[in-house]
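S.K.: return atomic coordinates for the entry below.
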Amino acid sequence: MQLVNLPIDVWFAIMEHLSLAELAHLYTAFASSTTPVDVSVIKQFAVNVISRMVAVNKCRFVPGFSNHSSSPELRLTHSHPGEPWHQDTLFSARYDPNFSDTMEFSRAFRAGTQDPATTDMTLFANDGKPFNSRSMRPIVHDSENTGPTELTSGYIDFRSTSTPTDFLRFTLSALEADIKETFSDVLHSPICVRRTIAHVIPVVKVQWVERDKETRFLDITPLPKEWYEFWSASEIQGVSTFSKQLITFTHYLSGEVIQEWRWKMESFKTEWKIPMSIPGLSVSTSLQ
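M.R.: Take a look at the predicted model:
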């Protein structure tokens, strides 16, 4: 019996033993061959695997923000070679809050608001609790740094349960997107301003990453765009809160009393849609 003529249940039994990288190679080979194979079966299986990983597996998010600085030196200092800059942030410094590796993420689920066959998910950094000083770096506010204004890029890794060194990576970027009104400020007191940054951040690529057990090198496999087109179309919303506070302290060398404004990140969450219904999660709940 030819491989392509195997019954569908046998196909699923085979695919359950393949990694996303192996599925991607199989999908690409069949899609480009003249053999009549319905690759939609492989695609749907892969989308379900990705959806379950997004909904359940442990994850780590590394976001990056820009600050609309007017200093060209900051762009040269903080930009990455070959990486485009957002058209509205040509002179921007990047702020990476430096989430700790031990930071926990929790999830809340709701039945899809527009399609009952989908699920809405909110992913909370630090289990939804306010950040502490060990979770991220403060930003000193000065004439060249107006504070974070836009979530420009980031990536999120969903760990494999069978092989913890392997993971699914979503890479996000708003650098080439035309995004308006990304933040709003509320004055809470003369010495405290709170800023909310909220806007969509597009998915630019999804990869399966495996770490070689001997060399420790990473083997990265780009996944077919058709497998993550749902997330590219539905978009991912990022919501962050920061506070700008006037800090008074004594200089450790001179003994001089100094006052300076500092930005501090307080919370971070992302809103996702998952192309499948999740039984028992129609009300808000958390998993990790």
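S.K.: list the contacts of Val204.
M.R.: Thr171, Leu172, Ser173 (CB atoms under 8 Å, 6 or more residues apart in numbering). No exception for glycine: its C-beta is placed from N, CA and C like everyone else's.
S.K.: which phi and psi values does it adopt?
M.R.: phi -100, psi -30 (degrees, to the nearest 10).
S.K.: local confidence estimate at it?
M.R.: Listed pLDDT for Val204 reads 94.
S.K.: quick one: it from Ile14, how far?
M.R.: The gap separating Val204 from Ile14 is 31 Å, by CB to CB, to the nearest Å.
S.K.: now swap in Val193 and tell me
M.R.: As defined by CB to CB, Val193 lies at a distance of 57 Å from Ile14.
S.K.: show me the shaky parts of the stretch 1-150 of the chain.
M.R.: 1-6, 35-36, 68-93, 133-138, 140-145 (pLDDT under 70).
S.K.: if we go to 50?
M.R.: 1-2, 69-91 (pLDDT under 50).
S.K.: can you pull out the helices in it?
M.R.: Assigned by DSSP state H, counting those that start in this stretch, the stretch 1-150 of the chain shows helices spanning 8-15, 20-31, 40-56, 72-78.
S.K.: what packs against the first one?
M.R.: Read it as helix 8-15. helix 40-56 (3 or more CB pairs under 8 Å, 6 or more residues apart in numbering; DSSP states H and E).
S.K.: buried residues, the helix it packs on. List them.
M.R.: Neighbour counts over helix 40-56 (16 or more other CB atoms under 10 Å) mark Ile42, Lys43, Phe45, Ala46, Val47, Val49, Ile50, Ser51, Met53, Val54, Ala55 as buried.
S.K.: stretch 158-175 too?
M.R.: Phe158, Arg159, Ser160, Asp166, Phe167, Leu168, Arg169, Phe170, Leu172, Ser173, Ala174, Leu175.
S.K.: SS state for the last one?
M.R.: In other words, Leu175. coil (DSSP: H, G, I helix; E, B strand; the rest coil).
S.K.: can you pull the contacts of the residue nearest to Phe170 when sequence neighbours are not counted?
M.R.: Using CB to CB, 6 or more residues apart in numbering and skipping the chain neighbours, the partner closest in space to Phe170 is Ile156 (4.9 Å). Counting by CB under 8 Å, 6+ apart, Ile156 makes contact with Cys59, Arg60, Phe61, Val62, Leu123, Arg169, Phe170, Leu172, Thr270.
S.K.: name the nearest residue to His25, sequence neighbours excluded.
M.R.: Looking at His25 with CB to CB, 6+ apart, the closest residue is Thr221, at 7.6 Å.
S.K.: isn't that neighbour up against Leu23?
M.R.: No: under the criterion of CB atoms under 8 Å, Thr221 is not in contact with Leu23, lying 9.5 Å apart.
S.K.: and those two? Which one has more around it.
M.R.: Set Thr221 next to Leu23 and count neighbours by other CB atoms under 10 Å: Leu23 wins out with 21 against 15.
S.K.: my guess is that one contacts Met15. True?
M.R.: Yes: under the criterion of CB under 8 Å, Leu23 makes contact with Met15 at 6.4 Å.
S.K.: which stretches of the stretch 151-288 of the chain form strands?
M.R.: With DSSP state E, counting those that start in this stretch, the ranges of strands along the stretch 151-288 of the chain come out as 167-173, 183-189, 192-201, 203-211, 218-222, 236-250, 257-274.
S.K.: tell me the most buried of those?
M.R.: Comparing these by mean neighbour count (mean count of other CB atoms under 10 Å), strand 167-173 comes out on top with a mean of 20.
S.K.: returning to what we had before: how much space between the residue nearest to Phe170 and Ser32?
M.R.: 30 Å.
S.K.: now Pro190
M.R.: Distance from Pro190 to Ser32, by CB to CB: 64 Å.
S.K.: on that earlier part again, reformat the strands of the stretch 151-288 of the chain as JSON lines; add distance to Asn98.
M.R.: Shown next, in JSON lines, are those (distance: least, CB to CB, whole Å):
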{"stretch": "strand 167-173", "distance to Asn98": "17"}
{"stretch": "strand 183-189", "distance to Asn98": "20"}
{"stretch": "strand 192-201", "distance to Asn98": "17"}
{"stretch": "strand 203-211", "distance to Asn98": "21"}
{"stretch": "strand 218-222", "distance to Asn98": "21"}
{"stretch": "strand 236-250", "distance to Asn98": "14"}
{"stretch": "strand 257-274", "distance to Asn98": "10"}
